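# what's the 3D shape of this:
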Amino acid sequence: MATTFKYLNSILFLILIIKGSSYCSLNNINIGTIRSGRQIQGQPEWNVVVINNCSCTQSQIRLACKGFRTTENVSPSIISKQGDSCLLINGNPLKGFANVRFSYAWDRPFLLLPTSSRIGAC
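Predicted coordinates:
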């Protein structure tokens with residue numbers, strides 16, 4: 001009886017570990033911004049990479065982008081400003097461990113933070 005209980009506990013523990021390792025959250029959306037060294041219309045250019053650092057697909061990714069402006073054209077299919085929020089890739093899925101890159105030009109980098117997403121298939 002005690003041996004059976006140990007085996008059941010071990011199986012339950014492994015299931016929880018496996019389930020937990022595939023769980024994604026908004027915290028798995030990582031954003032990096034770095035200066036490119038180029039000037040666009042007199043403004044420094046910034047390169048941005050948004051990474052889905054999880055095995056699950058995330059869609060409808062919204063970023064806080066209050067005051068976001070740029071002198072460089074950024075395709076609205078990559079990032080579209082809607083008030084103080086920006087929608088990434090038209091809300092389309094960003095697969096696990098995939099990334100999206102874009103550049104903008106302004107006198108300072110903007111703090112872009114993920115505010116919401118929908119977790120999809122893993």
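
# going by C-alpha atoms from here, please, whenever you check contacts or count neighbours.
Fine.

# distance of the residue nearest to Asn47 when sequence neighbours are not counted relative to Ser36?
Distances taken as Cα to Cα, 6 or more residues apart in numbering place Ser103 nearest to Asn47, at 4.4 Å, with adjacent residues excluded. Using Cα to Cα, to the nearest Å, we find Ser103 at a distance of 9 Å from Ser36.

# before we move on, the earlier item: and the residue nearest to Asn47, helix, strand or coil?
strand (DSSP: H, G, I helix; E, B strand; the rest coil).

# so what's it up against?
Contacts for Ser103 (Cα atoms under 8 Å, 6 or more residues apart in numbering) come out as Glu45, Trp46, Asn47, Val48, Glu72, Val74.

# which ones among the residues you listed lie within helices?
Counting by DSSP state H, no part of the contacts of Ser103 is found in helices.

# identify the contacts common to Ser103 and Ser36.
Between them, Ser103 and Ser36 share the contacting residues Glu45, Trp46, Asn47, judged by Cα under 8 Å, 6+ apart.

# identify the residues contacting the first one.
Spelled out, it's Glu45. Contacts of Glu45 by Cα under 8 Å, 6+ apart are Arg35, Ser36, Gly37, Arg38, Gln39, Ser103, Tyr104, Ala105, Trp106.

# just the buried residues of the stretch of helix or strand the second one belongs to, please?
Read that as Ser36. In the assignment (DSSP states H and E), Ser36 maps to strand 29-40. Neighbour-count burial for strand 29-40, with 16 or more other Cα atoms under 10 Å as criterion, is recorded at Ile29, Ile31, Thr33, Arg35, Ile40.
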